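Chemist: kindly return the folded structure for what I paste below:
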Amino acid sequence: MEFEPVIGLEVHAQLKTHTKIFCGCSTRFGAEPNTQTCPVCLGLPGVLPVLNRTVVDFTLCMALATGCTVAPESRFARKNYFYPDLPKGYQISQYELPVAENGRIDIEVDGQSQGVRIRRIHMEEDAGKLSHDPHRPVSRVDLNRTGVPLIEIVSEPDIESPAAAGAYLRKLRAIVRYLDICDGNLEEGSFRCDANVSIRPKGSIELGTRTELKNLNSFRFVEKAIEYEISRQKDVLMDGGTIVQETRLWDSSRNQTFSMRGKEEAHDYRYFPDPDLLPLVIDAEWIERLRQALPELPDARRTRFVEQYGLPAYDAGVLTADRDLADYFESCLAGFPQPKPVSNWIMGPLLGLLNVQGIAIDRSPVAASALAGLLKLVDGGSISAKIAKTVFDEMAASGKPPAAIVAEKGLSQINDTGAIEAVVQDVLERNPEEVAAYRGGKTKLMGFFVGEVMKATRGQANPKTVNELLRQKLNQ
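Modeler: Reported below is the predicted structural model:
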C-alpha cells in the first residue's frame, strides 16, 4: 500500500518587545535566573494583567503580511494545566476567538510553487524554563521567560513533505525578520516549531492519527524528524499496528523520535475566557495604519530584484531570503552598481566565509562598502579576479581596505604589454615540446601556458593580455 504524509506546523515566534505581554518586566535574553519577574507575571494574588499594545501591533503586522482576516473583536482565554514552569497554573492565550484567521503563504519546493493555508494566528504568553541537573535528581525553574509575548501561527495540514515543511518554516522566519517583530533565533528558542504528522493511504481524504513532534530547534532537524516519523508510521501500519496519538521528542544524536506523553486535546486544557482581560476590539483605522507602514516583504523584494536588477530568479531568491542579506546586497550596489558581479561575490566568497565562521551577515567581517571597493579594483583593471580572492581573504582577516592591501602587498595587476610579452616568450622557450604539441593540434594546452605565465607573474598579469599574446605567438 502506498501512503502519503499530511503535515501541519505550529510555530511560536517570540515578539521583539522590550517588556512582557501583560506587565512591565524586561524580555532581555540571558539575564540571571528569576531577576525579570514581578507579581503580575508570577501570578500572585490580587494582581491584574494589562495588555501591551505593541504586542497587538506586531501580531497585526504578521496577520497582514500573511493575508489573514483580522477579527474586529477577539478574546483572551485561560489554558489550564499544571507544570512547575507555569506559576499561575494557567497560560493566557486565545482559543475560540483568535485575532486572525484564514491566511496563506506561498513556498517553492523543487522549483514548484505551492500554497500553505494558515488556520489562525493568536497571541499568548510564554511559560518559564526548567533546567535539569545532570548529576542529581534536581530540576530548577527560571521564570524570566514567563509572560514573554508570543504569537502562534498554526497552518492547515497542507504540507506534503519534509522539504515543504522546511520551506514553509524558512518563509515564516523570513517574514517575521522582515517585519522586525522577531529575531527568528531557533537555537535560543525565540522561533520554535512543533510538527503534527500523520499518513494516510494515497488518494484518501480521511486524515490519519497524528503525532506531535517537539524539540525541533533547527530547520534541518525539522525535516529529519518529519522524515523519520513518516517512515516510522509506515512501518507500524505495514506491520498491522495502529498509530497512537501522542507527543514525541526528536533525539538529534540518534536521529529518531521517542514517545514523551499522550497527546492532549483542547478539552483537556479546560479553556474559558479570561475574566481579567476585556475583549480586544480592533477597528479599520488601526489595521490600515499598520498596513501602510508594512515594509517590502520577501516575495515583493525578490520580484523587484529580478525586474529592477535583471538577476536570475535563483540569485534573487537567495539574496532576499534574509532581510539583512538583501540590505547588504543593495548597500554594495550603491558603491558598485553592477548587480550580477555583486551577486556572484556575495553568494560565493562572502557566504562561504560566513558559513565557515558560523556567523550571520550582520556580523560580516567584510562591510558592503569594502566589497564594493574591491569590485571596483577588479573592474578598473587594478587587480585580477584571482588576486581579488586573495585580497578578500586578507580583508576578512585584517579589516583593512582593499586598496591598502593591494598597495602593501604589491598585488597590482601587470598591464604592461611589453613586460607580459617577455614572460610569455620565456615560458614558450622553456617548453618546446608543449609548443610543438599545441601546434600539432592539442589546443587544450593553452590552459597549461596560461597557468605558467600566471605562476611566473604571481597571478598579477592581465589574463586577457596573456591569452592574446599566447595565441599570437603560438599561431605564428
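Chemist: just give the closest residue to V50, not the sequence neighbours.
Modeler: Spatial nearest neighbour of V50, chain neighbours left out: F22 (6.1 Å); criterion: Cβ to Cβ, 6 or more residues apart in numbering. From N, CA and C alone the C-beta is placed, and that goes for glycine too.
Chemist: can you give me the neighbour number for that neighbour?
Modeler: F22: 23 surrounding residues under other Cβ atoms under 10 Å.
Chemist: go on, K409?
Modeler: Neighbours of K409 under the rule other Cβ under 10 Å: 12.
Chemist: distance check, the residue sitting nearest the centre point of the chain against S412.
Modeler: Residue closest to the average C-alpha location in the chain (Cα atoms, centre = their mean): R170, at 5.2 Å. According to Cβ to Cβ, to the nearest Å, R170 stands 43 Å off from S412.
Chemist: secondary structure class for the residue nearest to V50?
Modeler: At F22 the chain is in coil, as set by DSSP: H, G, I helix; E, B strand; the rest coil.
Chemist: contact partners for it?
Modeler: F22 is in contact with V40, C41, P49, V50, L51, N52, I92, E125, G147, counting by Cβ atoms under 8 Å, 6 or more residues apart in numbering.
Chemist: and the buried ones among the residues you listed, selectable in PyMOL?
Modeler: Selecting only the buried entries of these in PyMOL, with 16 or more other Cβ atoms under 10 Å as the criterion:
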select buried, resi 40+41+49+51+52+92+125+147
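Chemist: the contacts of F22: which two are farthest apart?
Modeler: Across these, no pair lies farther apart than C41 and L51, at 13.4 Å, counting by Cβ to Cβ.
Chemist: relative to Q91, how far out is T35?
Modeler: Separation of T35 from Q91 (Cβ to Cβ) stands at 22 Å.
Chemist: before we move on, what about E408?
Modeler: 60 Å.
Chemist: now do the buried residues in stretch 228-239.
Modeler: Y228, E229, I230, R232, Q233, L237.
Chemist: inside helices: which ones of the residues you listed?
Modeler: Y228, E229, I230, R232, Q233, L237 (DSSP state H).
Chemist: how close does the first one get to G43?
Modeler: So that's Y228. Counting by Cβ to Cβ - Y228 and G43 are separated by 38 Å.
Chemist: what's the closest non-adjacent residue to T417?
Modeler: The shortest distance from T417 to any non-neighbouring residue, by Cβ to Cβ, 6+ apart, is to T465 (6.0 Å).
Chemist: any idea how far apart the tips of stretch 21-28 sit?
Modeler: From its first residue to its last, stretch 21-28 covers 13 Å (Cα to Cα, to the nearest Å).
Chemist: any buried residues in stretch 85-99, and which?
Modeler: For stretch 85-99, the neighbour count (16+ other Cβ under 10 Å) marks L86, P87, K88, Y90, Q91, I92, S93, Q94, Y95, L97, P98, V99 as buried.
Chemist: and for stretch 322-335?
Modeler: D322, R323, L325, A326, Y328, F329, C332, L333, G335.
Chemist: if I pick the residue nearest to the centre of the chain, what's in contact with it?
Modeler: By Cβ under 8 Å, 6+ apart, the residues touching R170 are F219, A321.
Chemist: that one and R302, how far apart?
Modeler: 13 Å.
Chemist: picking that back up, dump the residue contacts of the residue nearest to T417.
Modeler: Contacts were defined as Cβ under 8 Å, 6+ apart; by that measure T465 touches N415, T417, I420.
Chemist: would you turn these into CSV with distance to I383 and secondary structure?
Modeler: Output for the contacts of T465, formatted as CSV (distance: Cβ to Cβ, whole Å; DSSP: H, G, I helix; E, B strand; the rest coil):
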residue, distance to I383, secondary structure
N415, 11, coil
T417, 18, helix
I420, 15, helix
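Chemist: buried among the residues you listed? Need that as a selection in PyMOL.
Modeler: A single PyMOL command is used to select the members of those judged buried by 16+ other Cβ under 10 Å:
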select buried, resi 420
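Chemist: partners of the strand ranked longest in the chain in the sheet?
Modeler: Using DSSP state E to define each element, the chain has its longest strand at strand 112-125. Using DSSP bridges, strand 112-125 pairs in its sheet with strand 100-109 (antiparallel), strand 149-155 (antiparallel).
Chemist: show residues contacting the shortest one.
Modeler: With Cβ under 8 Å, 6+ apart as the contact definition, strand 149-155 has outside contacts at 8-15, 17, 20-21, 27, 52, 55, 58-59, 62, 66, 93, 116-126, 168, 172.
Chemist: tell me the average confidence for that strand?
Modeler: When pLDDT is averaged over strand 149-155, the result is 97.
Chemist: chain center to it, what's the gap?
Modeler: For strand 149-155, the gap between its own C-alpha mean and the chain's C-alpha mean amounts to 17 Å (Cα atoms, centre = their mean, to the nearest Å).
Chemist: any idea how far the very next helix or strand once past it is from the chain center?
Modeler: For strand 149-155, the following helix or strand on the C-terminal side (DSSP states H and E) is helix 162-179. Here helix 162-179 is found 7 Å from its chain centre; the criterion is Cα atoms, centre = their mean.
Chemist: most packed of the strands paired with strand 112-125?
Modeler: The highest mean neighbour count among the strands paired with strand 112-125, using mean count of other Cβ atoms under 10 Å, belongs to strand 149-155: a mean of 23.
Chemist: just to revisit the earlier point, could you measure from the residue nearest to V50 over to A100?
Modeler: Look at F22 and A100: by Cβ to Cβ, they are 20 Å apart.
Chemist: for Q425, same thing?
Modeler: Applying Cβ to Cβ to Q425 and A100 gives a distance of 74 Å.
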